[in-house]
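>>> Below is the structure, and that's it, no one-letter string:
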């Protein structure tokens, strides 16, 4: 006499889409915010100087950008700031990220005296690594 064994019936597993949809929307919002911030610094119209020795940096992380227009006005992103505001912002950013490097995007018509004031403000804020942005001449 054979004993009949009952097969256990397992419920069919469903694939949960809700968490995946949530993650997709979070990633979408993140990239929209990041791309908007990255474009803000490009809104300041500058004519960067050309250099034969310029190269495209591999690592773009840990970088803050200060733009200087032809009149010597500093900008953080697309916002015009005073030297004191710039110094305070850089100091706060350095507390959050001690490896922060400052990229100076200065118009080629900007007076070097104005750029020197900005470099001094960066130094007083504790940012000693400064990168100059130029166009590569062809």
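Structure received. Being a predicted model, the structure only gives us computed values, none of them experimental. Numbering: from 1, shown residues only.

>>> which residues in the chain form strands?
For the chain, the strands defined by DSSP state E cover 50-51, 63-68, 74-76, 79-80, 101-106, 130-132, 135-136.

>>> Dump these into JSON lines; add mean neighbour count, distance to residue 26 and mean pLDDT as well.
For every residue, glycine as well, the C-beta is placed using N, CA and C. Output for the strands of the chain, formatted as JSON lines (neighbours: other CB atoms under 10 Å; distance: least, CB to CB, whole Å; pLDDT from 0 to 100):
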{"stretch": "strand 50-51", "mean neighbour count": "12", "distance to residue 26": "40", "mean pLDDT": "67"}
{"stretch": "strand 63-68", "mean neighbour count": "21", "distance to residue 26": "24", "mean pLDDT": "85"}
{"stretch": "strand 74-76", "mean neighbour count": "21", "distance to residue 26": "27", "mean pLDDT": "88"}
{"stretch": "strand 79-80", "mean neighbour count": "14", "distance to residue 26": "27", "mean pLDDT": "86"}
{"stretch": "strand 101-106", "mean neighbour count": "20", "distance to residue 26": "29", "mean pLDDT": "86"}
{"stretch": "strand 130-132", "mean neighbour count": "14", "distance to residue 26": "32", "mean pLDDT": "83"}
{"stretch": "strand 135-136", "mean neighbour count": "12", "distance to residue 26": "36", "mean pLDDT": "66"}
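
>>> nearest to residue 16, of these?
Residue 16 lies closest to strand 63-68 among these, at 39.0 Å (CB to CB).

>>> follow-up on the earlier one: same list (the strands of the chain) but as TSV, adding distance to residue 23.
Output for the strands of the chain, formatted as TSV (distance: least, CB to CB, whole Å):
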stretch	distance to residue 23
strand 50-51	43
strand 63-68	28
strand 74-76	32
strand 79-80	32
strand 101-106	32
strand 130-132	35
strand 135-136	39
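
>>> right, and those - which one's nearest residue 5?
strand 63-68 (67.0 Å).

>>> Tell me the strands beside the closest one, with direction?
strand 74-76 (antiparallel), strand 101-106 (parallel) (DSSP bridges).
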